[in-house]
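J.: pasting a predicted model and its sequence here:
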Amino acid sequence: AEAAEAQSHGVLLLGNMKNRESIQEPRFDYYNHEVPDIDLSECEFPHVIEIYDFPQEFRTEDLLRVFCSYQKKGFDIKWVDDTHALGVFSSPITARDALGIKHTMLKIRPLSQATRAAKAKAKAYAEFLQPAKERPETSAALARRLVISALGVRGKQSKAEREAELKKLQEARERKRLEAKQREDIWEGRGQSAV
């Protein structure tokens, strides 16, 4: 009885298979899936380069040492992974100049030729990859004045040194004021010849 029942189930199963005309092919081939490359044009981040193939032990200070001549002009590092980083410069010209650096411990290439991970990082953090700005001139005058007044002691600075420092601060303020006025004039359209 069991054999007859099994045989009838087998016939039913085979019968169901015969009724199907075709087996549906899968829509997606997950085994051969390729992630499309991120396309970054040359003009999207011309001031950013990829620094790669350096030892995993490298830290930010090590990379900054390699690019020390660019730090005054404006240079910043954004890490991608242990052996890849993005170098952010103040201008595309400076970045192009840096591409000529030859170093035994690392390699450099434009962002358009970078790894997928570096391009993805650049896309994701576009607002943080604005051109690095030159660090403004600083003075320790305010800090010195605050410390001296808090401690209640006399400063060791001579009158000539104080006057020179004060003059330097006034020049910096004037320069900043002129730059702000120039920016405002440009926005307002003043100072430009009519076309």
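T.: Perfect, I can see it now. Quick caveat: nothing in here was measured; it's all calculated off a predicted structure.
J.: can you give me the buried ones in the helix or strand encompassing Ala120?
T.: Per DSSP states H and E, Ala120 falls inside helix 116-124. Buried residues in helix 116-124, counted by 16 or more other C-beta atoms under 10 Å: 118-119, 121-122. For glycine as for every other residue, the C-beta is placed from the backbone atoms N, C-alpha and C.
J.: which one of the residues you listed is nearest Val48?
T.: Minimum distance to Val48 across those is 6.1 Å, recorded for Ala122 (C-beta to C-beta).
J.: max pairwise distance over the buried residues of helix 116-124: which two?
T.: Lys119 and Lys121 (7.3 Å).
J.: select the longest helix from this protein.
T.: helix 159-188 (DSSP state H).
J.: list the helices and strands that helix packs on?
T.: helix 141-151 (3 or more C-beta pairs under 8 Å, 6 or more residues apart in numbering; DSSP states H and E).
J.: check Ala98 and give its pLDDT.
T.: With respect to pLDDT, Ala98 scores 89.
J.: burial count for it?
T.: 20 (other C-beta atoms under 10 Å).
J.: what sits against the closest residue to Asp62 other than its chain neighbours?
T.: Setting aside the residues directly before and after it, Asp62 is nearest to Phe54 in space (C-beta to C-beta, 6 or more residues apart in numbering), at 7.7 Å. The contact partners of Phe54, by C-beta atoms under 8 Å, 6 or more residues apart in numbering, come to 62-63, 83, 85, 105-107.
J.: helix or strand: which one has Trp54?
T.: For the record, residue 54 is Phe, not Trp. Assigned by DSSP H and E, Phe54 falls outside every helix and strand.
J.: brain fart, Arg109
T.: Per DSSP H and E: Arg109 is located in strand 107-110.
J.: cool, and Phe28?
T.: Applying DSSP H and E, one finds Phe28 in no helix or strand.
J.: who's in contact with the residue most central in space within the chain?
T.: The centroid of the chain falls nearest to Leu129 when counting by C-alpha atoms, centre = their mean (4.1 Å). With contacts defined as C-beta under 8 Å, 6+ apart, the neighbours of Leu129 are 45, 48, 78, 86, 88, 122.
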